[in-house]
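Asks: Provided below for reference: sequence and predicted model.
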Amino acid sequence: MILFLRQILFNILFYGWTAVCCVLLTPLTLLPRKQFVIYLTLYFKSVHLLEKYILGLDFVVRGSENIPKEGAFLVGAKHYSAYETMKMHVLFYDPAIIMKRELKFIPLWGLLASKAEMIFIDRGSRDIALKSIIRGAKRIKDQGRPLMIFPQGTRVSIDDTPETRPYKGGIIRMYEATGLPIVPLAMNSGLFWKKKAFFKYPGTVVFEFLPPIPPGLDGAEAMSIMRDRIEATSTRLVKEELEARQCKK
């Protein structure tokens, strides 16, 4: 019962606070983009505090030594839910995220994402989408920002595999067009915050950054390395958490 009440309280505060912040942040879009991003990051950090102290949901980072210390780079990650999307501004400074074009038209939220210069793509047209992400990736490279993409193109469950949810080639097109390294990112957040789920669960999400894939490799080879590292490590992280839960019973 206590867990149920905490989840209800969290959802009320999360959605209510998000609505309030969308209103408060809207006039701040008149600021220069880099100043605006500071306030946007404060919102994401405040959501983390709600998760931590109401839900009991926190996170840890492994492999931070694999994150480039300067300059732009690509991040290819699993995508289980909105949870990891909201953590990108906590894990990185001023990241750009590849998003579906429909999100741009959410009232207020779309304006904020546009001001932060996310990259919106039209998933209805493969050619247009590829041109958009390549053009956007080159711009983000010039800005020296990390660029996040979810290579499977949509949210997945922990039971999905590369066969049921294949990795798509957009990240490799950006890799080839920009000459940037790819940092694979594995996680187990799907055990705590599932796609399209109203209820979230307490625990500790693990984000694990894996060794960067250097620029210049054949595209197929780079894709294979990235996919295998992400899948193997995500599977291991999920298994670790499930085994830990069994031990607590």
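Replies: Thanks, I have the structure now. Numbers count the residues shown, from 1 in each chain.
Asks: apart from its neighbours in sequence, what residue is nearest Ser114?
Replies: Leaving aside its sequence neighbours, Ser114 sits nearest to Lys104 (Cβ to Cβ, 6 or more residues apart in numbering; 6.3 Å). For every residue, glycine as well, the C-beta is placed using N, CA and C.
Asks: if I look at the one you found, how far off is Glu70?
Replies: 30 Å (Cβ to Cβ, to the nearest Å).
Asks: ok, back up a step: that's a helix at the residue nearest to Ser114, yeah?
Replies: Yes: judged by DSSP: H, G, I helix; E, B strand; the rest coil, Lys104 forms part of a helix.
Asks: let me know whether it touches Phe120 as I believe.
Replies: Yes: counting by Cβ atoms under 8 Å, Phe120 is a contact partner of Lys104 at 4.7 Å.
Asks: overlap in contacts of these two?
Replies: 113-114 (Cβ atoms under 8 Å, 6 or more residues apart in numbering).
Asks: more crowded one of those two?
Replies: Higher neighbour count among Lys104 and Phe120: Phe120, with 20 against 15, using other Cβ atoms under 10 Å.
Asks: residues contacting that one?
Replies: Counted by Cβ under 8 Å, 6+ apart, Phe120 has contacts 99-101, 103-104, 113-114, 132.
Asks: could these go into a markdown table alongside distance to Asp58 and secondary structure?
Replies: Formatted as a markdown table, the contacts of Phe120 follow (distance: Cβ to Cβ, whole Å; DSSP: H, G, I helix; E, B strand; the rest coil):
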| residue | distance to Asp58 | secondary structure |
| --- | --- | --- |
| Met99 | 26 | strand |
| Lys100 | 29 | strand |
| Arg101 | 33 | helix |
| Leu103 | 27 | helix |
| Lys104 | 31 | helix |
| Ala113 | 25 | helix |
| Ser114 | 31 | helix |
| Ser132 | 35 | helix |
